[in-house]
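Engineer: Provided below for reference: sequence and predicted model.
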Amino acid sequence: MSIANKNMLSVTKGFWFVFEDGINAIVAGGSGISGNEYIYVNGNLVSEQKSYSKTSKHSFEVDNNNYEVDFFVPETLKGKIECTLSKNKKAIKKYKTLYKYECSVYKIFIYFLIVFGYTFSIIHYHLSAWSLIPFLVAMYTMGVVFTMSNIIFVEEDV
């Protein structure tokens, strides 16, 4: 898995949070699918674990300072993640993923075209009920793509 250089949340690349503490670049990330979590300091892996729980904690030491990275997933199905960096038991920075809920005419039009195309295909080509499976996969994929495009990161200084 490659290390990200900016905050991101992606189905294929996982979630990544980038913290700066003086000269140290701390990158926390992982995969919501595999459950693997990684902490890198200045490009070097310092902590790795697998977690499927709503909370997990990574502790490590850099330059005689004790750091902790806490992951918290308040809403699993929506992919909301909070990540807090603590230095010497004091929280110094927190990132949260939030959604910009927006309903654009473009997105409604895309969904309408997909439903219209599916309905036309069933009627015109006399498709079986099994054709519903690829249709539902396409609708789910479109939903994930549109949702991922609406995720923003909010930095909260603690």
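Structural biologist: Ah, there it is.

Engineer: Got the domain ranges for the chain?
Structural biologist: What automatic domain parsing lists as the domains of the chain is 8-98+152-156, 105-147.

Engineer: Would you point to the one among the ones you listed that's packed deepest?
Structural biologist: domain 8-98+152-156 (a mean of 16; mean count of other Cβ atoms under 10 Å). No exception for glycine: its C-beta is placed from N, CA and C like everyone else's.

Engineer: Now do the strand or helix carrying Y140, average pLDDT.
Structural biologist: Taking DSSP states H and E as the criterion, Y140 maps to helix 132-148. Helix 132-148 shows a mean pLDDT of 84.

Engineer: Tell me the helices and strands packed up against it.
Structural biologist: Judged by 3 or more Cβ pairs under 8 Å, 6 or more residues apart in numbering; DSSP states H and E, the packing partners of helix 132-148 are helix 105-125.

Engineer: Look up phi and psi at K93.
Structural biologist: Backbone geometry at K93, expressed as degrees, to the nearest 10, gives phi -160, psi 150.

Engineer: surely it meets D157?
Structural biologist: Yes: counting by Cβ atoms under 8 Å, K93 touches D157, with 6.4 Å between them.

Engineer: As a check, name the ranges of all strands in this protein.
Structural biologist: In the chain, the strands defined using DSSP state E lie at 8-10, 14-21, 24-30, 36-41, 44-50, 55-62, 65-75, 80-87, 90-99, 151-156.
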